[in-house]
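Student: I would like the atomic coordinates for the input below:
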Amino acid sequence: MVAATTVGAVNDMTARWARDAVGERGTVLTAAGVWPLLALLAGPAGGPARAELAGALGLDAADAVRAGRDLLGALDSADGVDAALGLWTRRALSLRPEWPASLPLDAHGELTGDTTADQEALNAWAKRHTDGLIDRMPVEVDADTLLVLASALLVRTTWVRPFDEHPHEVPEGPWAGRELTLLRRYGGTAPEQVRVHRTPAGPLTSVEVEGDNGLDVHLLLGPPEMPGGEVVSHGVAALCGGYPTVCGAALTDGAGPGLQVATVPSWDGVPVVSLSCARFTVEADHDLLRRAGLFGLGAASDTSRGHFPGISQVPLAVTSARQKATATFGPKGFRAAAVTAVAVGMGSAPSTPPHTAQWVSARFDRPFGFLAVHRATGMVLVAGWVTEPDAAEPRTGYAW
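Tutor: Just a heads-up that it's a prediction; the model follows:
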């Protein structure tokens, strides 16, 4: 099990990154993929780079390599998650042997100097370890590249209760008049999984969609005026218990954005949740050096000197740091997928239900955020913001 301090550090980086990176366009990011790389570099770093990396990680640099290694191991052992680490170096670069020996490497390859062949080898590794979702390494190898350290993270889950999908024309809001694919299910979500958090920026609605393997996706909707970065970062804070929260029977009509609550006739008196969400795929390519301060890479990217004496006696500096990410929320689960139809039949019943029950309707048909969360630890594996939902045209072979 990954240490609680590491979970907190990764979630804190997720919240800070989301607040800074999420804007008017949709995006997806994973601090769980960046944090261990920074940790593995912080240990052998020296001088200002070491201190800056440690500050971004939220731990002592002396403990960083162990923490990064433990995180990668915990991620790879989690149900529904695959994590891998690759290192490629020039033959002429003499490494201090203790550093690669301390890394949980899936691959330690050679950069031959043939940039085309080297790039193809790195691309093939990225594709292999993400099940083809990412087909290219985000950094470009050139004649000056001496070392590449990369992580791959694959997250997937199947819903405990799948959705039906329908074409839907949005009547109001930013998506008004657009015909999109709306995922719907009636039941399958407990009222306690619908929460309203009282954040400093206003009420935030969160609905937990349960996966079958210990991974859940939390859908996040704030007031229309709440910026996307605030929605996602407050969602991370709420996940960690940062705000007063109401849920279940305590919910009232209009308590949170996108919510309706009423009392309706019922055959069994059991509360029921109606959940509607726009189907989406979102992709992003992040240049981490554009936010060097957030990731502790400011000093390390100063090419006028070396910063990693624990890696090699050759002076080394970070010249590129990027992330490519993609996420899909479909009728069957979280990942790339195809259309699925579920037939529901109604049998005979008495004409008047004998009970009443709470009915909660949660609708996500304007820009919203999401968090893919490892249930046992509360670690956010993937976070994102949706501004361009899938159009209503069906997708042949959409399995997820």
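Student: direction included, what does the helix or strand where A84 lies pair against?
Tutor: When elements are assigned from DSSP states H and E, A84 belongs to strand 81-90. Note on strand 81-90: by DSSP bridges, its sheet partners are strand 107-111 (parallel), strand 147-155 (antiparallel).
Student: who touches that strand?
Tutor: Applying CB atoms under 8 Å, 6 or more residues apart in numbering, the external contacts of strand 81-90 come out as 36, 40, 72, 75-76, 95, 100, 103-111, 113, 118, 121-122, 125, 129, 145-155, 215, 374, 381. Every residue, glycine included, has its C-beta placed from N, CA and C.
Student: report the buried members of those residues.
Tutor: 36, 40, 72, 75-76, 95, 103-104, 106, 111, 118, 121-122, 125, 129, 145-155, 215, 374, 381 (16 or more other CB atoms under 10 Å).
Student: quick one, what contacts the spatially closest residue to P48 that is not a sequence neighbour?
Tutor: In space, not counting the residues next to it along the chain, P48 is nearest to A299; the distance is 4.0 Å by CB to CB, 6 or more residues apart in numbering. With contact set as CB under 8 Å, 6+ apart, A299 has these partners: 47-49, 51-52, 307.
Student: tell me the contacts of V382?
Tutor: 28-30, 32, 155, 325, 327, 370-372.
Student: just want the angle from the helix or strand hosting W125 to strand 147-155.
Tutor: Element membership for W125 (DSSP H and E) is helix 115-129. For helix 115-129 against strand 147-155, the angle by axes from the mean of the first three to the mean of the last three CA atoms, to 10 degrees is 30 degrees.
Student: tell me the mean pLDDT for helix 115-129?
Tutor: The average pLDDT for helix 115-129 rounds to 92.
Student: packing partners of that helix?
Tutor: strand 81-90, strand 107-111, strand 147-155 (3 or more CB pairs under 8 Å, 6 or more residues apart in numbering; DSSP states H and E).
Student: mind checking the SS state of the residue nearest to P48?
Tutor: coil (DSSP: H, G, I helix; E, B strand; the rest coil).
Student: ok, now how distant is it from D63?
Tutor: Distance, A299 to D63, using CB to CB, to the nearest Å: 20 Å.
Student: least reliable of the helices and strands packed on helix 115-129 by average pLDDT, please.
Tutor: strand 107-111 (a mean of 87).
Student: from the chain's centre, how far out does it sit?
Tutor: Strand 107-111 has its C-alpha centroid displaced from the chain centroid by 28 Å (CA atoms, centre = their mean, to the nearest Å).
Student: stretch 83-95 now?
Tutor: That offset, for stretch 83-95, works out to 27 Å (CA atoms, centre = their mean).
Student: what segments of the stretch 151-300 of the chain are helices?
Tutor: 228-239, 292-295 (DSSP state H, counting those that start in this stretch).
Student: out of the ones you listed, which is the most enclosed?
Tutor: helix 228-239 (a mean of 24; mean count of other CB atoms under 10 Å).
Student: ok, and what's touching it?
Tutor: With CB under 8 Å, 6+ apart, helix 228-239 has contacts from 11, 14-16, 18-24, 195, 197, 199, 201, 204, 206, 218, 220-222, 243, 245, 367-369, 371, 373, 378, 380, 383-385, 387.
Student: can we see that at 7 Å?
Tutor: With contact meaning CB atoms under 7 Å, 6 or more residues apart in numbering, helix 228-239 is reached by 11, 14-15, 18-20, 22-23, 197, 199, 201, 204, 206, 218, 220, 222, 243, 245, 367, 369, 371, 373, 378, 380, 383, 385.
Student: next one: the nearest residue to G296 once chain neighbours are set aside from L294, what distance?
Tutor: In space, and not counting its chain neighbours, G296 is closest to A56: 2.9 Å by CB to CB, 6+ apart. The gap separating A56 from L294 is 7 Å, by CB to CB.
Student: how about T130?
Tutor: 24 Å.
Student: residue contacts, E110?
Tutor: 88-89, 91.
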